[in-house]
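J.: Fold the following, please.
(one chain, ligands or ions: 1)
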Amino acid sequence: MSEKIVVSGGAGFIGSNLIEKLIEENKFEITVIDNFSTGYKENLELVKDKIELIKADACSYKEIKNVFSDAKYVFHLAAFSYVGESIKKPLEYNRNNIDSLINVLNASKENSVEKVIFPSTCVVYGESKKIPIPESEYLNPNTPYGLTKQAGEFYCKFFTEVHDLNTVCLRIFNAYGPRMQSRVLSIFANLMLEDKQPYLSGDGKQSRDFVFVEDIVNGLIKAMNSGKKAKGKSYNIGTGKGTSLNELIEKINLVLDKNIKPIHGEVAAGEIDEIIADVSLAEKELGFKAEVDLNSGLKKTIDWLKKKDLKQSQKSYI
Ligand SMILES: NC(=O)c1ccc[n+]([C@@H]2O[C@H](COP(=O)([O-])OP(=O)(O)OC[C@H]3O[C@@H](n4cnc5c(N)ncnc54)[C@H](O)[C@@H]3O)[C@@H](O)[C@H]2O)c1
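T.: Numbering: from 1, shown residues only. The predicted structure is shown next:
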């Protein structure tokens, strides 16, 4: 008999890539909950006949509670996830990200779900003194989005400790790949595709750990299959390599065979200098290792950006 998986936020960037991979395994029955606030039905076009898609708001317990019966695993990906937007809309971020998580944890507990996987983010670290950043580093988020994910991790641990619900949190670094929405990498690439100069916050020396969506999907599935050791824990999901935003622009230029120079501007609110994952714990305890290097991941992402309707990634969240 196939195992039931519930994916909240499955119509989004990471969720839709995860669902395609789970469907390939041919042993899961997948139910998706999404309210299409930032996601798209079209993202699920390739799998639409193989999943159950329910339009529902995870902030409403009434709307989602019945979906969890007989579920074995839950991926709670539904969230608002734009750092800059969260500074302007802290209340909306708090409501959406915290209420939805508590509902999903409650419904999972009530239905004896075996494991809940929760994607947190590298921005829970804020400006870290240690680079690469180990999971043991002090959490010091400097934006409402980061704060909701920090609280989210603590709620997961609370449900593990007090209700014995198995939860695993993944601190995902800078995700990119086909179906990504408006993030720094796709904003730069979209502008450069149109021969426009990208706008850089500050000197462009700030570095990021760009992790391709296929690797993130592998990390999520490793978390689903993890043993007892991972119960109630958080793991970094990154590559362990930093790339400055200046270097990123050079790499995009190489893929596009262009030589576009960025415009340097003021440092954006919530900007962090260096974010690079220490991935040794995820490697040791989950068997996770990122495989896709930035050059080949960029090519795949830019190929997708060239084909797709640009409206989607030009939505202004940041
Ligand atoms: N993309 C990244 O760089 C990144 C990095 C770290 C963590 N994450 C986390 O991974 C998860 C997925 O991110 P993504 O990049 O795919 O984002 P996304 O915006 O593409 O996907 C989120 C999905 O959740 C849905 N959603 C939001 N609120 C909902 C609600 N209340 N009820 C039902 N559906 C709702 C949206 O419609 C969308 O389909 C998020 O939790 C995000 O915080 C993303």
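
J.: residues in the stretch 1-150 of the chain within reach of the ligand, list them.
T.: 8-9, 11-15, 33-39, 57-59, 77-79, 81, 96, 100, 119, 121 (C-beta under 6 Å from any ligand atom). Any C-beta I mention is one placed from the backbone N, CA and C, and that applies to glycine too.

J.: Buried subset of those residues as a PyMOL selection?
T.: Applied in PyMOL, the following selects the buried portion of these according to 16 or more other C-beta atoms under 10 Å:
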select buried, resi 8+9+11+12+13+14+15+33+34+35+38+39+57+58+59+77+78+79+81+96+100+119+121
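
J.: Just the ones in helices from the residues of the stretch 1-150 of the chain next to the ligand, please.
T.: 13-15, 100 (DSSP state H).

J.: can I assume Leu139 is in contact with Cys122?
T.: No - Leu139 lies out of contact with Cys122 (C-beta atoms under 8 Å); the separation is 10.8 Å.

J.: Which of those two has more residues huddled nearby?
T.: Cys122 (26 against 19; other C-beta atoms under 10 Å).

J.: Tell me the spacing between that one and Lys307.
T.: Relative to Lys307, Cys122 is positioned 29 Å away (C-beta to C-beta, to the nearest Å).

J.: for the protein, what spans make up the helices?
T.: 13-24, 61-64, 83-88, 90-94, 100-110, 144-163, 184-193, 213-224, 245-256, 280-286, 294-307.

J.: near the ligand, which residues of the stretch 151-300 of the chain?
T.: Proximity of the stretch 151-300 of the chain to the ligand is confined to 172, 174-175, 181, 183 under the rule C-beta under 6 Å from any ligand atom.

J.: Most neighbours out of those residues, which is it?
T.: Top of these by neighbour count (other C-beta under 10 Å): Ile172, with 26 neighbours.

J.: What are the neighbouring residues in contact with the closest residue to it other than its chain neighbours?
T.: Using C-beta to C-beta, 6 or more residues apart in numbering and skipping the chain neighbours, the partner closest in space to Ile172 is Ile237 (4.8 Å). By C-beta atoms under 8 Å, 6 or more residues apart in numbering, Ile237 lies in contact with 170-173, 211, 215-216, 219, 277, 279, 282, 288, 290.

J.: give the contact list for the closest residue in space to Asn96 that isn't next to it in sequence.
T.: The shortest distance from Asn96 to any non-neighbouring residue, by C-beta to C-beta, 6+ apart, is to Phe80 (5.0 Å). Phe80 makes contact with 37-38, 86, 89, 92-93, 96-97, 145 under the criterion C-beta under 8 Å, 6+ apart.
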